[in-house]
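Enquirer: sequence and computational prediction follow.
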Amino acid sequence: MKNMIKQVFHSPKFIIGFIIFIFMLLTIIFYPLIVRADPLNMIGGLFNKPGTYISVKDVVQTNEYSLKINTVSAKLNSISEEDKKSMADWLIRFGNVKKSEININNATSLVNLWNENYKSTAEQTGLLAAQKQGYMRLNDKIKELMSNADVYIATKDNNGELESKAPLDSQAFVNTNDILNEKTFILGTDNFGRDVLTELVSAMGTSLKIGLVAGITATLIGLVLGLLSGYVGGTLDDFIMFVTNIFTVIPSFILLVLISFSVGQNARGVMLTACIIGITSWPWTTRSVRSQVISLRNRDHVNLSKLSGHSLPRIISTDILPYVASYVVMAFILQISSGILAEAQLSMLGLGPATTKVSTLGLMMNWAMAYKAPLTGAWWAFVPVILAITLISFSLNLMNTGLDQVFNPQLRD
Amino acid sequence: MKGYKKYYFNKVIWYVLTLIVAVGLNFLLPRLMPGNPVSAIAVRASNGMTDQTAIQKVYEEYVKTFGINKPLYVQFLQFVKNLFRGDLGVSFTYYPRTVSDILAKSVWWTVCLQLPAILVGWLLGNILGAVAAYIKGAWDKAILPAFLFLSNMPAFGMAILLLFFFGVYLKWFPTSLGYGYDLNPNVSLQFIGSVIYHYQLPFWSIVLITIGGQAIGMRSMSIYELNADYVKYSRFLGIKDRKVVKYVFRNAMLPQITGLALSLGTMVGGALVAEIIFSYPGLGTTLLAAITGRDYPLISGCTLIITIMVLIANLAVEILYGFIDPRVKAAQEE
Amino acid sequence: MGKIMLQVNNLNTKYITRQREGVYAVNDVSLIIEEGKSLGIAGESGCGKSTLALSLMGYYFSPLHYISGDIIIDGRNISSMKPDDVRKQVLGNEIAYIPQAAMNALNPTQKIISLIQDVIHAHNPKASKKDISDLAKERFELLGLPSEVLQKHSVELSGGMKQRTVIAISTILSPKVLIADEPSSALDVSSQKMVIKMLRNLMEKGLIKSMIFITHELPLLYNVTNDIMVMYAGQMVEKGSAKEMVFDPRHPYSKGLMGAIIVPEAGIKNRKLTVISGTPPNLKHPPEGCRYAQRCKFARTECSIQKVEERNFSDGRMYRCLYSIEEFKEAYAYE
């Protein structure tokens, strides 16, 4: 046993999978201790981008520092590539500017050329009216970017009138460390305005719990059935195998859908969903355990126990179980992985756990899709979730392969 | 050949039995719901309706469909009888269209998408596994592990990523439906072209996921076979590697075929959710609409059709396998 | 002396383990086999018999590596040939091999006739299917195998039938040298007899010109082979005719080996049964002196230190020991 454990921890595949998994597990455990916010708290708005959000009022009311930086060029660099290309195109065709004079990468020089040569009244042959309007709008946009018009802070005086307090200087900057009210969304917010990162960690924990419960359920059922079927044999074996084969071929997904739907929205909590998933995935474990038990039951040590008159439960627990243990552990790991996946699939169909108190990975995906996150470009609402599911599944599968290689030496490469 | 007949006969009988069980489950499970199923469903289905006559009509329709005043076995017999007539009931979300009508259209889209996708994924995966085992190098150290990582992604995950990257960001492919919304299904080049164009993203989501799982299995089998005694013996007889390798991969393929049959059920499940992402007009989207609309007859019909498809596919694979593997023939002739 | 079919001079080969260590499995082996003769190689499990067989094929596949020595088949030195040439020209048609537990050597999904076609095409790409089929049928008949076997897959054959089929396939190109590695060890007694009869048949009909018969079952060698060589820890320790080896072994190891036989043959059955205790030395770091010294009853101090060469005698006998014949006579007298 000790030797086996040593071998397991020397297997590279197992170690990599193990490290990834432990890393995620530690994150799930320790993150909530550090960040004590409620994961389901709706702080932000619909799909806020990742970044740091600072209070505007605080900014205005904090100490200003004057920095000699050209603020205009930064703004000019925000002109889109598309717009720059349009400008260059117009200048060459209608502005009498030679192609060699244009450097599309230098926004400042491009804008200067534009300001010198653009006339809305110029001869623009071949352009549709709409396109001409487009260029006029572009010109306005540029003018606005370039404007150094003052912005004022106003307060209300005693009569309720706005009285200008002070202009905002273009060269005025504040030190972000002085701002007290800020919130960083490392992964932005989801459709409800919840902090995605915090929610993700919490959801991973819940999904893992579901996977665990589903795995335990499935493995227990599979183990019991496999042991009985393999050891007792005869008609019991035939019957159990018949049922198992049927449930192998009927897609477990279908059973999941049917059962989840029938149970109804109200009863479908997290734990029940996990149990349902467990109940529909036992066939695989049963088969695996049974084949191992069959090969074991005629071994000498088992026969010896039989001759010694040991009872059936005792034989099973002391002579057979230890040898089946390795298969059971591997099956369990795989069941956790598929359980998490199954929950995600169910949630995408709307048959997942009906809960507003916790979040699961599947539910996060479902909400993201319902609010069309991909179409609006809110990648932070779904890419991290998909990555999380993939990584958990991947790490578990790696660990399983590593274990497989240790227990079945001929698979070692 | 006689041995064959018995083998196949047994298989077919077994599948028919499984089908009966599946039908039974399709019938039984929803009826195990606590409480009066009809009124509960009727209440949910008529949620939002204000017209009293309409609500009454929904209720009566349900009573007629379920026939709950009769004992359970009578209901089951009615259910089966209807099944043979092809009557799967009337949908509630798409009233008054019948379930069979809705399914008939969706089934083809799903089959035409998933069947080729799963087969292509299986084929590519096996090729990758074989190459990784024989040639090794970058194939084994980099490409295979990359696909293995991908195969751990749920099918809908890959679907969403492809949708986002190729559909929204790069705008190379359309993000939904099976064909252009301005077109009507007809046999024209334009329509077919549109279908193929819309087909790409869903197709590749399924294929990319499948490759990894198949590859790793084929690689193990190939390594196992490459080290087999008959390989060494063939070499001792002077036979060239090229010939030997052909036989190795042929032998390694066999368990992969069985593996395909076993994983069909899971793959189909994943692919259905992928369809939903693209609002692809297949069974996946239909199922989702049915679930959202608490449309019991449609859900029942969908799940039954999906089960039947998987059963047929499984049976087909098993029959195919019996022909290919001479060991099966030998076992039968004993 | 008849025509020499196989001559091996001072062959050395090794295995390289995963930890990159060398296991010196075949050390300084020399032998000669003439046309029409068969040589038996005896020794305990792990002494290097099978490794020697593989080495003689000239087919070095990792982890087996060639170090030095000559292998000359019918005048052709294959040690200097390129592996590809060896594969094309020598393997299968000049020198053939029957592996241990030949039942597993057949591809379960390939028809026997198909395998024969592959073998013949590998050496003679232009042969027609009909010619091959005729040759196969003829051979099988000659060797007492039913020709229905040709259309079957290996799964449909019994163990004994598989073994004999493998022998037929290996010899289909009438090789000059046939190496049979424990051809009957995994079979029941009647199948064993059939295998040996088949090998004899092949020799008599000239379908194989010479044979090496490897086994750990010594009683077989007396009835099957002309000469016997005893191997220990990768080296040849004694060689002589079958009769000489069984009735008058010289090397202490051979003596011990022959003493472990239970055989109803007259002259031997009254001998005391002996057992050789101990285990062979570690071939990663082979000892300088005699490799058998640790287990030898008659070992002297210099045995473990001094390098022991082969002693060749005019009557064709050879043994590898520091003792002279007189010293042996003295030592064995006290047995």
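Expert: Okay, I see it.

Enquirer: what parts of the stretch 101-250 of chain B come near chain A?
Expert: The interface of the stretch 101-250 of chain B toward chain A, taken as Cβ under 8 Å from any Cβ of the partner chain, is made up of B:148-150, B:152-154, B:156-157, B:160-161, B:163-164, B:167-169, B:175, B:216, B:220, B:223-224. Glycine gets a C-beta too; all of them are placed from N, C-alpha and C.

Enquirer: narrow these to those that are buried.
Expert: Buried members of those, scored by 16 or more other Cβ atoms under 10 Å in any protein chain shown, are B:148-150, B:152-154, B:156-157, B:160-161, B:163-164, B:167-168, B:175, B:216, B:220, B:223-224.

Enquirer: what helix or strand is the residue in the stretch 151-300 of chain A that chain C sits nearest to located in?
Expert: Closest residue of the stretch 151-300 of chain A to chain C, Cβ to the nearest Cβ: residue A:295 (19.8 Å). Using DSSP states H and E, residue A:295 maps to helix A:283-297.

Enquirer: can you check residue C:15 too?
Expert: strand C:4-16.

Enquirer: tell me, how many residues neighbour residue A:280?
Expert: 24 (other Cβ atoms under 10 Å in any protein chain shown).

Enquirer: that one contacts residue A:255, doesn't it?
Expert: Yes - counting by Cβ atoms under 8 Å, residue A:255 is a contact partner of residue A:280 at 4.6 Å.

Enquirer: any common contacting residues for these two?
Expert: Common contact partners of residue A:280 and residue A:255 (Cβ atoms under 8 Å, 6 or more residues apart in numbering or on different chains): residue A:247.

Enquirer: okay, now the sheet partners of the next helix or strand along the chain from the strand holding residue C:15, with direction.
Expert: Downstream of strand C:4-16, the next assigned helix or strand under DSSP H and E is strand C:22-34. Paired strands of strand C:22-34, with direction, are strand C:4-16 (antiparallel) (DSSP bridges).

Enquirer: ok so, going back, give me the pLDDT for the residue of the stretch 151-300 of chain A closest to chain C.
Expert: Looking at residue A:295, its pLDDT is 79.

Enquirer: equivalent analysis for residue A:285, please.
Expert: The model's pLDDT for residue A:285 equals 84.

Enquirer: wait, doesn't it sit right on residue A:216?
Expert: No - contact criterion Cβ under 8 Å: residue A:285 and residue A:216 do not qualify, at 11.1 Å.

Enquirer: count the neighbours of residue B:14 for me.
Expert: Neighbour tally, residue B:14, other Cβ under 10 Å: 16.

Enquirer: nearest spatial neighbour of it, chain-adjacent residues omitted?
Expert: residue A:245 (7.7 Å; Cβ to Cβ, 6 or more residues apart in numbering or on different chains).

Enquirer: residue contacts, that neighbour?
Expert: A:283, B:14, B:18.

Enquirer: please, which helix or strand holds the second one?
Expert: Read that as residue B:14. helix B:2-31.

Enquirer: shaky segments in chain B?
Expert: Low-confidence segments of chain B (pLDDT under 70): B:1-3, B:30-50, B:62-71, B:92, B:95-96, B:180-181, B:183, B:328-334.

Enquirer: right, I mislabeled it, should have said the stretch 101-250 of chain C
Expert: Scanning the stretch 101-250 of chain C residue by residue, none of them satisfies pLDDT under 70.

Enquirer: how near is the closest residue to chain B within chain C to residue A:381?
Expert: Closest residue of chain C to chain B, Cβ to the nearest Cβ: residue C:92 (3.3 Å). Separation of residue C:92 from residue A:381 (Cβ to Cβ, to the nearest Å) stands at 66 Å.

Enquirer: what's the answer for residue B:19, then?
Expert: Distance from residue B:19 to residue A:381, by Cβ to Cβ: 42 Å.

Enquirer: before we move on, what about residue B:130?
Expert: Distance from residue B:130 to residue A:381, by Cβ to Cβ: 40 Å.

Enquirer: cool, and residue A:304?
Expert: For residue A:304, the distance to residue A:381 - Cβ to Cβ - is 61 Å.

Enquirer: give me the more crowded residue out of these two.
Expert: Taking neighbours as other Cβ under 10 Å, residue A:304 and residue A:381 compare with residue A:381 leading, 27 against 12.

Enquirer: OK, contacts around the more buried one?
Expert: Applying Cβ under 8 Å, 6+ apart, the residues near residue A:381 are A:47, A:188, A:190-191, A:196, A:364, A:368, A:371, A:373.

Enquirer: what about those residues, which are in helices?
Expert: Those of those mapping onto helices are A:196, A:364, A:368, A:373, per DSSP state H.

Enquirer: for the first one, which non-adjacent residue is closest in space?
Expert: So the one you mean is residue A:196. residue A:187 (3.8 Å).

Enquirer: again, but for the second one
Expert: In space, not counting the residues next to it along the chain, residue A:364 is nearest to residue A:385; the distance is 4.9 Å by Cβ to Cβ, 6+ apart.

Enquirer: for the last one, same thing?
Expert: Taking Cβ to Cβ, 6+ apart, and ignoring the residues beside it in sequence, residue A:373 has residue A:381 as its nearest neighbour in space, at 4.1 Å.

Enquirer: list the contacts for residue 318?
Expert: This is for chain A. Going by Cβ under 8 Å, 6+ apart, the list of residues near residue A:318 reads A:305, A:310.

Enquirer: wrong one, chain C
Expert: Going by Cβ under 8 Å, 6+ apart, residue C:318 touches C:236, C:238-240, C:310-312.

Enquirer: phi first, then psi, for it.
Expert: The phi and psi values for residue C:318, taken as degrees, to the nearest 10, are phi -150, psi 140.

Enquirer: what about the closest residue to residue B:153 other than its chain neighbours, distance to residue C:65?
Expert: Once flanking residues are discounted, residue B:153 sits nearest to residue A:390: 4.4 Å by Cβ to Cβ, 6+ apart. Distance, residue A:390 to residue C:65, by Cβ to Cβ: 44 Å.

Enquirer: tell me which of those two has more neighbours.
Expert: Between residue A:390 and residue C:65, counting by other Cβ under 10 Å, residue A:390 is the more crowded of the two (20 against 15).

Enquirer: and the more buried one, what element?
Expert: helix A:383-407.

Enquirer: so which elements touch that helix?
Expert: helix A:2-10, helix A:12-34, helix A:196-232, helix A:321-348, helix A:361-370, helix B:144-151, helix B:155-162 (3 or more Cβ pairs under 8 Å, 6 or more residues apart in numbering or on different chains; DSSP states H and E).

Enquirer: buried stuff in it?
Expert: In helix A:383-407, counting by 16+ other Cβ under 10 Å, buried: A:383-386, A:388-407.

Enquirer: equivalent analysis for stretch C:326-335, please.
Expert: For stretch C:326-335, the neighbour count (16+ other Cβ under 10 Å) marks residue C:328 as buried.

Enquirer: might you report the residue contacts of the nearest residue to residue B:293 once chain neighbours are set aside?
Expert: With Cβ to Cβ, 6+ apart as the criterion, residue B:293 has its nearest non-adjacent residue at 3.6 Å, and that residue is residue B:93. Shown in contact with residue B:93 (Cβ under 8 Å, 6+ apart): B:289-290, B:293, B:295, B:298.

Enquirer: one more time with 10 Å
Expert: B:45, B:102, B:286, B:289-295, B:297-298 (Cβ atoms under 10 Å, 6 or more residues apart in numbering or on different chains).

Enquirer: so it is in which element?
Expert: Counting by DSSP H and E, residue B:93 is found in no helix or strand.

Enquirer: the helices in chain C, which residues?
Expert: Going by DSSP H, chain C shows helices at C:49-56, C:83-85, C:112-123, C:129-142, C:159-170, C:189-204, C:218-224, C:242-247, C:252-259, C:301-305, C:325-333.

Enquirer: thinking again about what came up before, mind saving the C-alpha coords of the strand holding residue C:15 as PDB?
Expert: This file holds the C-alpha atoms of strand C:4-16, laid out as PDB (Å, rounded to 0.1, in the frame of the first residue of the first chain):
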ATOM      1  CA  ILE C   4      28.900 -25.100 -42.500                       C
ATOM      2  CA  MET C   5      25.500 -23.500 -42.400                       C
ATOM      3  CA  LEU C   6      26.100 -21.300 -39.400                       C
ATOM      4  CA  GLN C   7      29.200 -20.100 -37.800                       C
ATOM      5  CA  VAL C   8      29.300 -17.800 -34.900                       C
ATOM      6  CA  ASN C   9      32.600 -16.200 -33.700                       C
ATOM      7  CA  ASN C  10      32.900 -14.500 -30.300                       C
ATOM      8  CA  LEU C  11      29.500 -12.900 -30.300                       C
ATOM      9  CA  ASN C  12      28.800 -10.300 -27.700                       C
ATOM     10  CA  THR C  13      25.500  -8.500 -27.300                       C
ATOM     11  CA  LYS C  14      23.800  -6.500 -24.600                       C
ATOM     12  CA  TYR C  15      20.500  -5.000 -23.400                       C
ATOM     13  CA  ILE C  16      20.100  -1.400 -22.500                       C
END
